[in-house]
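K.L.:
Model the following, please.
(chains A and B)
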Amino acid sequence: MHARLKTIWKTRELSTLFVLALEVAFFTWYLWPEGGRSHPFFNLSNLVLILKYSALYGIAAIGAAMVIISGGVDLSPGAVMALAGVVTGHVFVVQGHPLSAGVTAGILTGLTCGIVSALLVVAVKLPPFIATLGIMGIARGIAFIITEGRFFDLSSRLPAGWKPFGLPADWLAPIVLVALAAVFQYLMQRFQWGRAIFAIGGNETAALFSGIRVGRVKASVYIVAAVLASLSGVILVAIQGQGRADLATGYELDIIASSVVGGASLTGGRGSVVGAVLGTLIFGVLRNALPQIPGATFYDRLIVGVVVVVIVVVDQFIARKGA
Amino acid sequence: MHRWAARLVVVAVALAFSTAACGKKEEGGAPGASPAGAAASPAGKKYRFAVMPKALNLPVFFYARTGAERAAKQLGNVDVIWRAPEDADPLKQKEILESFITQGVDGIAISCTSADLLNDPINKAIDAGIPVVTWDSDAPRSKRIAFWGVDDFKSGQIMGEEAAKLIGGKGKVALMTSLGAENLARRLDGVKDSLKKHPDMKVVETYDIKEDPTRSAEMIASGMSRYPDLAVWISVGGWPVFVRNALDPIDPAKTKFVCFDTVPPAPDLLKTGKVQVLIGQKYFGWGSEPVKLLAGIKEGRMPAEKKIDSGVDVVTKDNVDAYLEQWKRWEKGEE
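P.N.:
Take a look at the predicted model:
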């Protein structure tokens, strides 16, 4: 059974990768430049750009995918990103502590949000939708209270051409994303904890009777998701240079959509971390390539919506046929 | 394999859809068009200029787009790529701006949601040889070549002068602004500067409406009950004239109103007499002038100044009809 499940997931990720490759191939062909110009889409700096922005969604999507696999949903990542960024900015810029202290404070903020979400879901037994909706409002609200509508200018305190760990700042997010995706994919597939998440999402009662500590595992998932979101927020303000309360507004829906396009089922028990990351890249490529098509300005939302619906509908169709 | 085949179909359908959706505007020599379709200008090269407002959901920018497309049509060798985030999200605007740099567009004209956040990418574009001009909202600390828009201080002075004319230089004045925005602060400074020349005009209150048109209605109502003998309101933003009944508590015989912005339905309020002076920005020019500037830069004509004052339109009851006529022509894409 386990071996078979594994092959299915493997195939699923490969097919998401295939969709991504096809998308890249399509835009490379469609945007092929007139004679003499360099390719506007298929070039190295554009690739780094896509990775840089997708990674901000992707790091949070790793956590979102795990929440979805466990049968829950997390509406708070966008707000947690903003709050963590604002806290980092406050500690670093206003209070004048070193950046490492700001980063630590930002991630601890995420941890706190995660613990509160986990308590609301596991101890108070609120539906995850309501619990995380509440956290979304609270986190965003605190961010606005801290900033009072201003922003914290981190770039003024960072040296020009700042290189975290000796790397160009643009590469920080993609590298963190790849590392975290590898770690969590491994945890989800090879560790009891990861398999317990799948089991809970598949059938919570059965998981309970098979001896899984459902409450603990679920709580850990919400905490990990919030910490990852805060990490994404901290990286966001570090490389973008501004901590603002309105950053990452609405990202939660893009993050959930990425997980779903990457093969996660909102009913739980199905999905993958790597799939979710690939999902964010599918959207990242769309966000990057569509602006290059003159006249497509007002079609973006429509196209993205159609892509989500079509991929998920076909996915469900296949799943039903396969069952 | 079966799953793969199905996914292939999915993406083919979705992408074909996007092609179809965008296809109809492609005849202009877009990069996706066939190579044979390019080369319309005598020089054999069509410039691709990215024109970026703050957001797609702000109605004023609709007029800028009309202006940009008119200029592109007149010049003949320009394609305008009109792009922005749907709402005024500074980070998304930065992402789009950066993607235009890696795409190697021929020029960028941008209204900045958050000035300093964009300094880096603007400088990067300049270093990469892509000319950048700003319009409406500047990034003064970047290397942008020029800014085209309202001189806020000067337009504030004009508002103060117009208000003084209306009330004969004597009476109580209430100001309305939204704190935090640099352009509004400059306008307010301009108003205050011109009021210095009129010692009999006393500012009794400065209301902060926090960018909320509905709140402006509340403020006007409470202001009028507190200062029934108020001579004039000066609003440095267009909030009160975008809310149809915000001005109801005002008796135009006793209290005058001077307001920024002339976007419809504001001129209607001039006609009903609730407002006496409107100060209009060059909404269509926001699009057309930066495109012309970029085209000039491409041909070696650098703008003489870094900050180009677009001027303002002072609209009163006397010229409102002519202004509305002109507006209709602008909307049709005429001069």
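K.L.:
Just confirm yes or no for the helix or strand harbouring A:Ile138 near chain B.
P.N.:
Using DSSP states H and E, A:Ile138 sits in helix A:128-147. No - using Cβ under 8 Å from any Cβ of the partner chain, helix A:128-147 never reaches chain B; the gap is at least 10.9 Å. Yep, even glycine has a C-beta here, placed from its N, CA and C like the rest.
K.L.:
Quick check: buried residues in that helix?
P.N.:
Using 16 or more other Cβ atoms under 10 Å in any protein chain shown as the test for burial, helix A:128-147 gives A:128, A:131-136, A:138-140, A:142-144, A:146-147.
K.L.:
And for the residue nearest to B:Asn245 when sequence neighbours are not counted, the neighbour number?
P.N.:
Excluding the flanking residues, the one nearest B:Asn245 by Cβ to Cβ, 6 or more residues apart in numbering or on different chains is B:Ala217, at 6.9 Å. Around B:Ala217 there are 20 other residues, counting by other Cβ atoms under 10 Å in any protein chain shown.
K.L.:
Over to A:Ser220?
P.N.:
By the criterion of other Cβ under 10 Å, A:Ser220 has 19 neighbours.
K.L.:
Name the residues that touch the helix or strand the residue nearest to B:Asn245 falls within?
P.N.:
Per DSSP H and E, B:Ala217 falls inside helix B:213-226. With contact meaning Cβ atoms under 8 Å, 6 or more residues apart in numbering or on different chains, helix B:213-226 is reached by B:174, B:176, B:205, B:207, B:209, B:230, B:233, B:235, B:239-240, B:242-243, B:245-247, B:249-250, B:255.
K.L.:
Just the buried ones from the residues you listed?
P.N.:
Buried members of those, scored by 16+ other Cβ under 10 Å, are B:174, B:176, B:205, B:207, B:209, B:230, B:233, B:235, B:239-240, B:242-243, B:246-247, B:250, B:255.
K.L.:
quick one, what contacts the residue in the stretch 51-200 of chain A positioned nearest to chain B?
P.N.:
Relative to chain B, the nearest point of the stretch 51-200 of chain A is A:Tyr53 (5.1 Å; Cβ to the nearest Cβ). For A:Tyr53, the contact set (Cβ under 8 Å, 6+ apart) comprises A:Gly284, A:Arg287, A:Asn288, B:Glu95.
K.L.:
Could you pull up the residues touching the third one?
P.N.:
For A:Asn288, the contacting residues are A:Phe41, A:Asn46, A:Leu49, A:Ile50, A:Tyr53, B:Ser99, taking Cβ under 8 Å, 6+ apart as the criterion.
K.L.:
roughly how far apart are the fifth one and B:Ser178?
P.N.:
So the one you mean is A:Tyr53. According to Cβ to Cβ, to the nearest Å, A:Tyr53 and B:Ser178 sit 30 Å apart.
K.L.:
Next: the first one.
P.N.:
A:Phe41 sits at a distance of 40 Å from B:Ser178 (criterion: Cβ to Cβ).
K.L.:
And the fourth one, by the same measure?
P.N.:
From A:Ile50 across to B:Ser178, the span is 36 Å (Cβ to Cβ).
K.L.:
The second one now?
P.N.:
Spatial separation of A:Asn46 from B:Ser178 under the definition Cβ to Cβ is 38 Å.
K.L.:
Comparing the two, which shows the higher neighbour count?
P.N.:
A:Asn46 (23 against 20).
K.L.:
coming back round to it: just want the angle from the strand or helix carrying the residue of the stretch 51-200 of chain A closest to chain B to helix A:128-147.
P.N.:
Taking DSSP H and E as the definition, one finds A:Tyr53 inside helix A:44-69. In terms of direction (axes from the mean of the first three to the mean of the last three Cα atoms, to 10 degrees), helix A:44-69 departs from helix A:128-147 by 130 degrees.
K.L.:
which is the next helix or strand following helix A:44-69?
P.N.:
Note on helix A:44-69: by DSSP H and E, the next helix or strand toward the C-terminus is helix A:77-89.
K.L.:
how far does that next one sit from the chain's center?
P.N.:
The chain centroid and the centroid of helix A:77-89 are separated by 14 Å, computed with Cα atoms, centre = their mean, to the nearest Å.
K.L.:
How far does the next helix or strand after it sit from its chain's centre?
P.N.:
On the C-terminal side of helix A:77-89, the nearest following helix or strand under DSSP H and E is helix A:99-118. Going by Cα atoms, centre = their mean, the spacing between the C-alpha centre of helix A:99-118 and its chain's C-alpha centre is 17 Å.
K.L.:
who does helix A:99-118 touch, helix- and strand-wise?
P.N.:
Helices and strands touching helix A:99-118, as assessed by 3 or more Cβ pairs under 8 Å, 6 or more residues apart in numbering or on different chains; DSSP states H and E, comprise helix A:77-89, helix A:128-147, helix A:214-240.
K.L.:
Which positions in stretch B:86-102 come out as buried?
P.N.:
B:87-102.
K.L.:
do that stretch and chain A meet?
P.N.:
Yes - judged by Cβ under 8 Å from any Cβ, stretch B:86-102 comes into contact with chain A through B:Glu86, B:Asp87, B:Asp89, B:Pro90, B:Leu91, B:Lys94, B:Glu95, B:Ile96, B:Glu98, B:Ser99, B:Phe100, B:Thr102.
K.L.:
so what's the fifth one closest to, chain neighbours aside?
P.N.:
So that's B:Leu91. That would be A:Leu247: by Cβ to Cβ, 6+ apart, it lies 5.7 Å from B:Leu91.
K.L.:
how about the helices in the stretch 151-300 of chain B?
P.N.:
Taking DSSP state H, counting those that start in this stretch, the helices of the stretch 151-300 of chain B run over residues B:152-167, B:182-195, B:213-226, B:239-242, B:266-272, B:285-298.
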